[in-house]
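Undergrad: what's the 3D shape of this:
(2 chains)
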There are 2 protein chains.
Amino acid sequence: VTSSRPFGERLREQVLGRESQIVLGLDPDPAELWPAALDAAPPAGTAAERAGAAVAAHCRMLIDAAGPACALIKPQLACFERLGTPGWAALAQTIAHARDRGLMVLADGKRGDVPVTARAYAQALFGSTPSPFGAVPGLGADAATVNPLLGEDALAPFLEAARAAGAGVFVLVRTSNPGAADVEDLPLERGSPLWERLAGLVDGLGDGDPPDVGAVVGATAPEHLLRMRERMPRAVFLLPGIGAQGGQVTALAPAFTPGRHAGLVSASRSIAGAHRAAGGDPAAAARAEAERLRALAWGLG
Amino acid sequence: VTSSRPFGERLREQVLGRESQIVLGLDPDPAELWPAALDAAPPAGTAAERAGAAVAAHCRMLIDAAGPACALIKPQLACFERLGTPGWAALAQTIAHARDRGLMVLADGKRGDVPVTARAYAQALFGSTPSPFGAVPGLGADAATVNPLLGEDALAPFLEAARAAGAGVFVLVRTSNPGAADVEDLPLERGSPLWERLAGLVDGLGDGDPPDVGAVVGATAPEHLLRMRERMPRAVFLLPGIGAQGGQVTALAPAFTPGRHAGLVSASRSIAGAHRAAGGDPAAAARAEAERLRALAWGLG
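TA: Reported below is the predicted structural model:
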């Protein structure tokens, strides 16, 4: 989507309007799709084509079921890429369907590259690519995750393209996996960890209120959240790691200090797979789990 | 490609057999395609479909022209992704064509994510994805670039999938953009820069001779190359930044100490756009430039 209004303003309105800070993570695994989605696949075609169609149907059903309790979807690009061309088609269909349902779209690809290549990724995510045959539209995401290892000049093209489209970027600051300690927690010269430096980058780059540069902050390390809020007083935090990765939503309160919009709580497998624990219809279980998380997070703000 | 032979062995044989350390970078920009490639696009269709077909034709022509002087191709995933579904189809066609021509394939996507997602990216790059409709094959790359910010557990799925396929990974250690200094050069507690820690990761993770874990090392910082070789005595270096980014091939000699296979010299715009400086037929100019770089690098080993 291309909007003349800044991302932060649009995001705040979305969160307050839908009374939800929940981000519906879409990490479709073809081996764990809802049965109704498998039925929607064509009876013939290559494995990629059939799996791609089933993944698109699964995401559509999941959005219809859990979407009303959520503010954004967060498609995990890896899960679509691995299905090749039909996977990329399923991604485009999923994004279009979410938009129809009034959800914002956060493309989770954690891209990062030297500036000339970052510009190409930004065209794919936020903008379009000029060609002799006319402009080729990209995914039209409202936001995307990016990797800051390559420094500020490598982030700049993402930021420029996002701003031109009224979109935002979320920079990896401290991820939710155990190995994040290996690099992100490395102490710098004065003893503060690398992630604090990344947090400084986020704080310095953002524009608007809330700013259009947010931070990916693993909810599995809640002891960091207060320090992160100190370093990034205004940034929107994207908090993955709820549910399947072990994070607890009640530990997230410091994220919401600047306002409810300032902490986006992401969950994917715990919603899509809620019926495995709760039993019953996958769609009803997903809706109930999304609604449970929504109420829990909303109650903290 | 899936091979029972380790990546290092296959790479060395490839470099010695073709007498080339040159990596043909494929960063197709629809606005700068060869005229003959534009003619190959279908006269009707969406901008994405026509641009995708023209990009596929451009890459095929470039491989046919410059490939004989090269050992690998390095498709820049961003440049295909930005064309959506037709772009992903062009990527698959380009990889298949390169393989027909005897070239190895290094997928340049600089992916990196938490372990469960890294596994999905690894399926896309090296393996296949199980589905109720059968296994969905990935790109079948011989190697891929990965981003180490998320730590060792996030690199492990790439490495496992690569090993199972006889493929390798190249870890970002010190990139060629000016902003690389912002994060990669940050001094750690004892004064050594972050990139030296990343180099230690590379050195520790590799297996085989040469190891199946290489390093992406910007050729624009040749003063680092000796220190990098000290930290990673055996690793294969992928050296981007030749030509358009300003690197000089003669400054690379320290990369080749363990053998000619230990330094892969990447060039893209300087080959595909050689006719802009040299004049004449794009294919002939590309071949001449690739051959010039090949002879220059080979002479250093």
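
Undergrad: Could you verify my assumption that residue A:293 touches residue A:266?
TA: No. The pair formed by residue A:293 and residue A:266 falls short of the contact definition of Cβ atoms under 8 Å, at 9.7 Å. C-betas here are computed from N, CA, C, even on glycine.

Undergrad: Check what pLDDT the closest residue to residue A:53 other than its chain neighbours gets.
TA: Nearest-residue entry for residue A:53: residue A:41, 4.7 Å, with adjacent residues in sequence omitted and distances by Cβ to Cβ, 6 or more residues apart in numbering or on different chains. Residue A:41 is assigned a predicted lDDT (pLDDT) of 96.

Undergrad: and if you look at residue A:2?
TA: What the model reports for residue A:2 is a pLDDT of 75.

Undergrad: Show me what the helix or strand hosting residue A:36 is packed up against.
TA: When elements are defined using DSSP states H and E, residue A:36 is found to belong to helix A:35-39. Counting contacts by 3 or more Cβ pairs under 8 Å, 6 or more residues apart in numbering or on different chains; DSSP states H and E, helix A:35-39 is packed against helix A:47-66, helix A:282-298.

Undergrad: For the nearest residue to residue A:168 once chain neighbours are set aside, give me its contacts.
TA: If the residues on either side of it in the chain are set aside, residue A:168 comes closest to residue A:7, at 3.6 Å by Cβ to Cβ, 6+ apart. By Cβ atoms under 8 Å, 6 or more residues apart in numbering or on different chains, residue A:7 lies in contact with A:142-143, A:162-163, A:166-168, A:208, A:212.

Undergrad: what's the neighbour count on residue A:300?
TA: A count of nearby residues for residue A:300, using other Cβ atoms under 10 Å in any protein chain shown, gives 17.

Undergrad: all strands for the stretch 151-300 of chain A, in order.
TA: Using DSSP state E, counting those that start in this stretch, the strands of the stretch 151-300 of chain A run over residues A:168-174, A:213-217, A:237-239, A:263-267.

Undergrad: Is the residue nearest to residue A:138 when sequence neighbours are not counted in a helix, a strand, or coil?
TA: The shortest distance from residue A:138 to any residue other than its chain neighbours is 4.7 Å, reached at residue A:124 (Cβ to Cβ, 6+ apart). Under the three-state scheme (DSSP: H, G, I helix; E, B strand; the rest coil), residue A:124 adopts helix.

Undergrad: and residue A:124, how many neighbours does it have?
TA: 30.

Undergrad: Over to residue A:8?
TA: Residue A:8 sits with 24 neighbouring residues when counted by other Cβ under 10 Å.

Undergrad: thinking again about what came up before, can you put the strands of the stretch 151-300 of chain A in CSV and add distance to residue B:225, mean pLDDT and mean neighbour count?
TA: Rendered in CSV, the data for those read as follows (distance: least, Cβ to Cβ, whole Å; pLDDT from 0 to 100; neighbours: other Cβ atoms under 10 Å in any protein chain shown):
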stretch, distance to residue B:225, mean pLDDT, mean neighbour count
strand A:168-174, 28, 97, 27
strand A:213-217, 33, 96, 29
strand A:237-239, 38, 95, 27
strand A:263-267, 41, 94, 28
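
Undergrad: got these as CSV, with distance to residue A:103 columns?
TA: Below are the strands of the stretch 151-300 of chain A laid out as CSV (distance: least, Cβ to Cβ, whole Å):
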stretch, distance to residue A:103
strand A:168-174, 15
strand A:213-217, 17
strand A:237-239, 15
strand A:263-267, 12
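
Undergrad: ok, back up a step: can you pull the contacts of the residue nearest to residue A:53?
TA: Contacts of residue A:41 were listed using Cβ under 8 Å, 6+ apart, and they are A:50-51, A:53-54, A:57, B:133.

Undergrad: Would you verify that it is located in a helix?
TA: No. Assessed with three-state DSSP, residue A:41 is coil; it does not lie in a helix.

Undergrad: ok, it to residue A:273 distance?
TA: Counting by Cβ to Cβ, to the nearest Å, the gap from residue A:41 to residue A:273 is 20 Å.

Undergrad: which of the contacts of residue A:7 sit farthest apart?
TA: The most widely separated members of those are A:142 and A:208, with 13.8 Å between them, by Cβ to Cβ.

Undergrad: Identify the residues contacting the closest residue in space to residue A:33 that isn't next to it in sequence.
TA: With Cβ to Cβ, 6+ apart as the measure, residue A:58 is the residue that lies nearest to residue A:33, at 4.4 Å, once sequence neighbours are left out. For residue A:58, the contacting residues are A:28, A:33-34, A:37, A:272, by Cβ under 8 Å, 6+ apart.

Undergrad: now these: which count as buried?
TA: If you count burial by 16 or more other Cβ atoms under 10 Å in any protein chain shown, the buried members of these come out as A:28, A:33-34, A:37, A:272.

Undergrad: out of those residues, who's nearest chain B?
TA: For the buried ones among the contacts of residue A:58, the minimum distance to chain B (Cβ to the nearest Cβ) is 7.8 Å, reached by residue A:33.

Undergrad: Quick check on residue A:75: phi, psi?
TA: Main-chain dihedrals, residue A:75, degrees, to the nearest 10: phi -70, psi 130.

Undergrad: For it, give its distance to residue A:266.
TA: 12 Å.

Undergrad: Ok, residue A:175 next?
TA: Using Cβ to Cβ, residue A:175 is found at 12 Å from residue A:266.

Undergrad: Between these two, which contacts overlap?
TA: Any residue near both residue A:175 and residue A:266 by Cβ under 8 Å, 6+ apart counts here, and that gives residue A:240.

Undergrad: quick one: low-confidence ranges for chain A?
TA: A:1, A:219-222, A:241-247, A:301 (pLDDT under 70).

Undergrad: can you map out the helices along it?
TA: A:7-18, A:35-39, A:47-66, A:77-81, A:84-100, A:115-125, A:152-164, A:180-183, A:194-205, A:225-231, A:269-272, A:274-278, A:282-298 (DSSP state H).

Undergrad: Just give the closest residue to residue A:2, not the sequence neighbours.
TA: Leaving aside its chain neighbours, residue A:2 sits nearest to residue A:165 (4.7 Å; criterion: Cβ to Cβ, 6+ apart).

Undergrad: Give the full set of residues in contact with residue A:89.
TA: Taking Cβ under 8 Å, 6+ apart as the definition of contact, the neighbours of residue A:89 are A:52, A:56, B:85.

Undergrad: And residue A:171, how close does it get to chain B?
TA: Taking Cβ to the nearest Cβ, to the nearest Å as the measure, residue A:171 falls 11 Å from chain B.

Undergrad: can you check residue A:293 too?
TA: Using Cβ to the nearest Cβ, one gets 19 Å for the distance from residue A:293 to chain B.

Undergrad: With residue A:262 instead?
TA: Taking Cβ to the nearest Cβ, one finds residue A:262 at 23 Å from chain B.

Undergrad: Please verify my assumption that that residue contacts residue A:252.
TA: No. Counting by Cβ under 8 Å, residue A:262 stays clear of residue A:252, with 10.7 Å between them.

Undergrad: Give the closest residue to residue A:161 in space, chain neighbours not counted.
TA: Leaving out its chain neighbours, residue A:161 is closest to residue A:122 (Cβ to Cβ, 6+ apart), at 3.5 Å.
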